[in-house]
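> A structural model of the following input is requested.
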Amino acid sequence: MVARSSVSDGVPVRQAGRAACVGCGLRTCGIVFSGYLRGVHVPGLACLKPVRLVSRCGHTRHVPCGTSRASECLPCSAVYRRRLIRVIDSGLQRHASRYLYLLTTTAPSTRAHRRWVVPGLYRVGMHRPECGCETPSVAGWNPTAGECWNRLRTAIRRLDPQLEFERVAEVQERGAIHHHTILASTVELDEYELQHLALAAGYGCQTSLDRITVNRGIEHYLSKTLGGYLTKASDARKDVPWFADVADQETGEVRKMHTDATYRTHSESREWGLTVKAIKAAIREHLEREADRVDSPQTASRTTGSEALQDQADHEVPDQPPE
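Coordinates of the predicted model:
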């Protein structure tokens, strides 16, 4: 099995061999060609556009595309979503003894408005000053959403250096990105204080901080809801307004232009819980045991179990672009 840098139709792929080839058994034999098989069903493979991999020795096998977009491949996006649900569930269970919150931060408004007041502090008739957090355009703010989250995360960690989090992006109807973040804190957090931190980080004034109680299955409901947001955000990339630095293909000039969105759909802290990498490693270990059982001296084919191992374990979650 090898690490592939990209997948393209009919284009050779530079590889870095990591394991013995299932075709010839040599560790130095790598993938020299990969391409999508569109409109072709591969028996035993739950994928609408599988990838064909050809080794230097001529051995060919097919693996799932691993996309997170339901509009492109529903089976692979379902696998992607289930793995992220397991990541979220693991963190909620691991940090059940901490203060757990669901923080929602939104993009600034494009119109002048009065400051939004957190529900616990609002009083009928109270004076609300002009906010001043509006942005000229959603397309110009969306590329900065990741930077806003990095600033807010740093500010919250000044309150609690042991903070752990899981953040998921969602796209609003107006095309603006907003974030749903599960916070696991060792200290109680104040919604009013977090609103000011979010404003200072570049978010809009409308924020929400809800306490999470881990019981009666609510943590699994929450993880499934965030998993749904994640799939929705993956599918919405083509429709999200995105005005960022782009190299002009004609002149070579780098200038602000409308382009495809490149935001990350999720991120988590280092000690949140399970990672996608750890989940895939556990799956691989299980499949290795199954392959050893199938690839016994009594079996006629040496590659049956090994190919099953690689076809399933290579169902990779695609790399996310950096924030």
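
> which intervals of the stretch 201-323 of the chain have sub-threshold pLDDT?
Within the stretch 201-323 of the chain, the ranges that satisfy pLDDT under 70 run 214-221, 223-224, 294-323.

> can you pull out the helices in it?
218-235, 276-294, 304-313 (DSSP state H, counting those that start in this stretch).

> Let me see the domain layout of this protein.
The record's domain parsing of the chain by automatic domain parsing lists 2-65+275-313, 74-268.

> Make TSV out of the ones you listed and add mean neighbour count.
In this view, the C-beta of every residue, glycine as well, is placed from N, C-alpha and C. TSV is the format used below for those (neighbours: other Cβ atoms under 10 Å):
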stretch	mean neighbour count
domain 2-65+275-313	15
domain 74-268	17
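
> how near is the closest residue to residue 238 other than its chain neighbours to residue 52?
By the measure of Cβ to Cβ, 6 or more residues apart in numbering, the closest residue to residue 238 outside its immediate chain neighbours is residue 260, 6.5 Å from it. Relative to residue 52, residue 260 is positioned 26 Å away (criterion: Cβ to Cβ, to the nearest Å).

> Next: residue 188.
Distance check for residue 188 against residue 52: by Cβ to Cβ, it reads 54 Å.

> same question, residue 61
When Cβ to Cβ is the yardstick, residue 61 and residue 52 sit 8 Å from each other.

> again with residue 58
For residue 58, the distance to residue 52 under the criterion Cβ to Cβ works out to 13 Å.

> go on, residue 89?
Distance from residue 89 to residue 52, counting by Cβ to Cβ: 34 Å.

> mind listing what the nearest residue to residue 71 once chain neighbours are set aside touches?
The spatial neighbour of residue 71 that comes closest, neighbours along the chain excluded (Cβ to Cβ, 6+ apart), is residue 235 at 5.1 Å. Neighbour list for residue 235: 69, 70, 71 [criterion: Cβ atoms under 8 Å, 6 or more residues apart in numbering].

> so what's residue 70 up against?
Under the criterion of Cβ under 8 Å, 6+ apart, the neighbours of residue 70 are 77, 78, 231, 234, 235.

> With that, I have no additional questions.
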